[in-house]
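Colleague: here is my input, please return the structure:
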Amino acid sequence: MAAADEDVSKNLHAIFHEGLNLYNKISQSNEPTQSLEVQRDVKKAISCLEQATRLVSVADIFSSNEEIEELSTSDIQYLLLPALLGSLTSKLTSRERKEVIEIAEIYLLDFLQRTNSYKLSNYKIRKGDGEAEQTDGSNRSEIEQLTIAVNTRNSKIQKFKEFKELKTQLENLKKNVENEHADEEIKRNYFLTMIKVMIHEAIDELDSIKMEKPILAHIAQIKQDGGPKLKRQPPPPPPLKPIIITKDQVQKAIYGAGYPSMPTMTVDEFYEKRVAEGAFPDPNKPRTGPMSMQEASLAGISLNDSDKEDEENENKVEADDDENIQRLRARDEYKDEHRRGWGNRMNRS
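Modeller: Sure, this is the predicted structure:
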């Protein structure tokens, strides 16, 4: 019987540390959580830790009426099992998110309940709903509510400082534990410090789950109602089809015979077709709207008065118009004979 218990203990130690090493690898990884490599490590770590949990239950290591001092150093580390499983489960992406956070919440609450029983934490849990106990503040005065808010903020700052100190202490202890000559007291202190760090992380994770639950419920309600109403998009325009446009009927007959699958038409037929579709103006109908610059250019009409004036002056120069020549010469020979400042007499005596 003793040999069987020893085998279980060896297997439990190996399996637990395999899962713990994977957990540390995932925590220190810079890869995104949804990557295939991280998800593979998460699933493997969960499998190892679940198997270790079953072995702990078989060995009946923990008791509800014992103190933390009564636990051996080799057994203290197994208090971390539900915390590690809760943290790893929350990283799963292969299941529905609602199911994932519900399972993670069960693990984390079980961890805090167990650390409460060993007086390592004092997290208050409301029985039946798995949420932190809250007190109704509707009847408090404004000063009382402000005092509670200030105390809560100070408490959070103090807890954050304690968490940072514990993380630093844990890193230093880890270096000593990795030494093969580390004594039992160092190992015990290392696992107790890790449990305290995981208590802080478990509380933060439960707060995140509490905030995420109503968001998931809202998303589920939207899906149940059929999703948001989207505006109906107009149908896409029909795809363009290639055609062959020829100069006359002779070219139409030649090219049409070479490309029987493509429609072939002459320039006149193409223009008449576009007139019928309303894309081109009908030359047989009087124009009612303003003329475009392209149409004016084709018709030889200038829409710019300055261009028309320049053209008239150019024609006069080419025709050697006497009146225009005299006007240009007079402009060249003009001299300003007024003295400087003659025209500005204001404010002068």
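
Colleague: every contact and neighbour count from this point should use C-alpha atoms.
Modeller: OK.

Colleague: do you have the strands of the chain handy? List them.
Modeller: With DSSP state E, the ranges of strands along the chain come out as 244-246, 264-266.

Colleague: now those strands in TSV, with mean pLDDT?
Modeller: Formatted as TSV, these follow (pLDDT from 0 to 100):
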stretch	mean pLDDT
strand 244-246	73
strand 264-266	79
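
Colleague: tabulate those strands (TSV), appending distance to residue 37.
Modeller: Shown next, in TSV, are the strands of the chain (distance: least, Cα to Cα, whole Å):
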stretch	distance to residue 37
strand 244-246	57
strand 264-266	60
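
Colleague: what's the first-to-last distance across stretch 52-66?
Modeller: One end of stretch 52-66 to the other measures 21 Å (Cα to Cα, to the nearest Å).

Colleague: give me the buried positions along it.
Modeller: Neighbour-count burial for stretch 52-66 flags 52, 53, 55, 56 (criterion: 16 or more other Cα atoms under 10 Å).

Colleague: stretch 268-282 now?
Modeller: Neighbour counts over stretch 268-282 (16+ other Cα under 10 Å) mark 270, 271 as buried.

Colleague: for it, give the mean pLDDT please.
Modeller: Stretch 268-282 carries an average pLDDT of 78.

Colleague: give me the domain ranges for this protein.
Modeller: Annotated domains of the chain cover 12-125+150-225, 244-285 [the TED database].

Colleague: how about the ones you listed in JSON lines, adding distance to residue 321?
Modeller: Shown next, in JSON lines, are those (distance: least, Cα to Cα, whole Å):
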{"stretch": "domain 12-125+150-225", "distance to residue 321": "85"}
{"stretch": "domain 244-285", "distance to residue 321": "39"}
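
Colleague: tell me the most buried of the ones you listed?
Modeller: Burial of those is given as mean neighbour count (mean count of other Cα atoms under 10 Å); domain 12-125+150-225 ranks first at a mean of 16.

Colleague: let's have the buried residues of stretch 52-66 in CSV, adding distance to residue 173 and pLDDT.
Modeller: Shown next, in CSV, are the buried residues of stretch 52-66 (distance: Cα to Cα, whole Å; pLDDT from 0 to 100):
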residue, distance to residue 173, pLDDT
52, 24, 92
53, 25, 91
55, 27, 90
56, 25, 89
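
Colleague: mind listing which of those residues are in helices?
Modeller: 52, 53, 55, 56 (DSSP state H).

Colleague: with respect to residue 188, which of these is nearest?
Modeller: Among these, residue 56 lies closest to residue 188 (Cα to Cα), at 18.4 Å.

Colleague: out of the strands of the chain, which comes closest to residue 18?
Modeller: Closest to residue 18 of these, according to Cα to Cα: strand 244-246, at 73.5 Å.

Colleague: hang on, the earlier thing: hey, least reliable of the domains of the chain by pLDDT?
Modeller: Of all the domains of the chain, mean pLDDT reaches its minimum on domain 244-285 (a mean of 74).

Colleague: coming back round to it: CSV for the ones in helices among the buried residues of stretch 52-66, including distance to residue 193?
Modeller: Listed next are those as CSV, based on distance: Cα to Cα, whole Å:
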residue, distance to residue 193
52, 21
53, 21
55, 24
56, 21
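
Colleague: now the two most distant members of those.
Modeller: Greatest spatial distance in those: 52 and 56, 6.2 Å, computed using Cα to Cα.

Colleague: what sits in contact with each of these two?
Modeller: Residues touching both residue 52 and residue 56 (Cα atoms under 8 Å, 6 or more residues apart in numbering) are residue 12.

Colleague: and the contacts of stretch 100-110?
Modeller: By Cα under 8 Å, 6+ apart, the list of residues contacting stretch 100-110 reads 82, 83, 85, 86, 87, 89, 90, 92, 130, 202, 206, 209.

Colleague: so can I have JSON lines of the residues you listed showing distance to residue 162?
Modeller: Output for these, formatted as JSON lines (distance: Cα to Cα, whole Å):
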{"residue": "82", "distance to residue 162": "22"}
{"residue": "83", "distance to residue 162": "19"}
{"residue": "85", "distance to residue 162": "24"}
{"residue": "86", "distance to residue 162": "22"}
{"residue": "87", "distance to residue 162": "20"}
{"residue": "89", "distance to residue 162": "26"}
{"residue": "90", "distance to residue 162": "24"}
{"residue": "92", "distance to residue 162": "29"}
{"residue": "130", "distance to residue 162": "26"}
{"residue": "202", "distance to residue 162": "15"}
{"residue": "206", "distance to residue 162": "19"}
{"residue": "209", "distance to residue 162": "23"}
